[in-house]
Structures are given as structure tokens and as C-alpha cells.
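# Fold the following.
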Amino acid sequence: MSSEFRFFTLEKARQALVYIRPILLEIQIVFRTFLELEAKVQIRDKLNEQERDDLVTRLTDVRNQVDRLSREIIKTGAEVKDFESGIVNFFYKRQNGEIALLSYKLGEDTVSHWHTIDEAYDNRRPIAELIELERAALAGHE
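Below you'll find the predicted structure:
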């Protein structure tokens, strides 16, 4: 992870999904192909030399495709967390200065969850909770 983050507002993260979602879907599909090819590597002893060479070439091509697609998302400032599940995070700077992650998973309608930078995906909470915390922080500073 880079030491410099591009921070998103909730609105900007949701807008970025218009660009990111199709790329994330493509990554998910290509990554599944990668996993299938990787499984074939386990039986490479049963393949002839040409089949092994073809497998290595195809595996390399698919890996490069995943890398290229993930770089497209990284360029936006978002972070791909899981290729297989299609999870992406957007860095968000809270009112108290802490960094949070606005979290999206393929299949969800929008960015609707968040978690702290130290928490895992399983600890995601509804975005309404973050909004309420931010409102409270603002009210405390007025």
C-alpha cells in the first residue's frame, strides 16, 4: 500500500463505481480463469511438453491481464482487496483525522459499508453509522 492515499468522499466513491465496476467484474472473470489454469498446473506431469508450454503461456497472459486491470483501478486511487469476490476499498479521511475504508463488493448496489483501516472486510458496518459518527464529530467542533 502506498504511503500517499487519494481520499474519496462517499459521493466520489460512488461516482467512481461507474468506471470501476465493469473493470472489477472483468477482473473477477479473468481471475477465475487464472485459478482454473493454476489448478491445471497441479497435473502438469500428465501433460505433454506442448501442453505444458501452452499452459504456462496462457497462465502468464491471464496473470498479466489481471495485473493490467487492477492497475486501472489503482490509478483511480481505489484499492482492490479481493479479485475473486470483487472487493474494492476507497480511502476516506474522517473528521477526527483517522483513515477509514469505504467498501464495495461486486453485487452490491453501491458503496454502502465502511470499516477502519485496521479492520477486515468481515468487520464492515453500514455507511449510515459512519455518516452519524461524522455528524457527531462536526457537531462537537461547532
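
# Neighbours of Arg135, how many?
Arg135 has 11 neighbouring residues, counting by other Cβ atoms under 10 Å. C-beta coordinates here come from the backbone N, C-alpha and C atoms, glycine included.

# Assumed it was part of a strand.
No - counting by DSSP: H, G, I helix; E, B strand; the rest coil, Arg135 is located in no strand; its state is helix.

# which helices and strands sit right next to the helix or strand where Tyr92 lies?
For Tyr92, the host element (DSSP states H and E) is strand 87-93. If you count contacts as 3 or more Cβ pairs under 8 Å, 6 or more residues apart in numbering; DSSP states H and E, strand 87-93 packs onto helix 10-41, strand 79-82, strand 99-105.

# how about the ones you listed, which one is nearest Asp122?
Checking these against Asp122 by Cβ to Cβ gives strand 99-105 as the closest, at 10.7 Å.

# pLDDT (mean, whole number) over the closest one?
Throughout strand 99-105, pLDDT has a mean value of 96.

# Report the beta-bridge partners for Pro126.
For Pro126, the beta-bridge partners under DSSP bridges are His113.

# wait, it sits on His113?
Yes - under the criterion of Cβ atoms under 8 Å, Pro126 makes contact with His113 at 6.2 Å.
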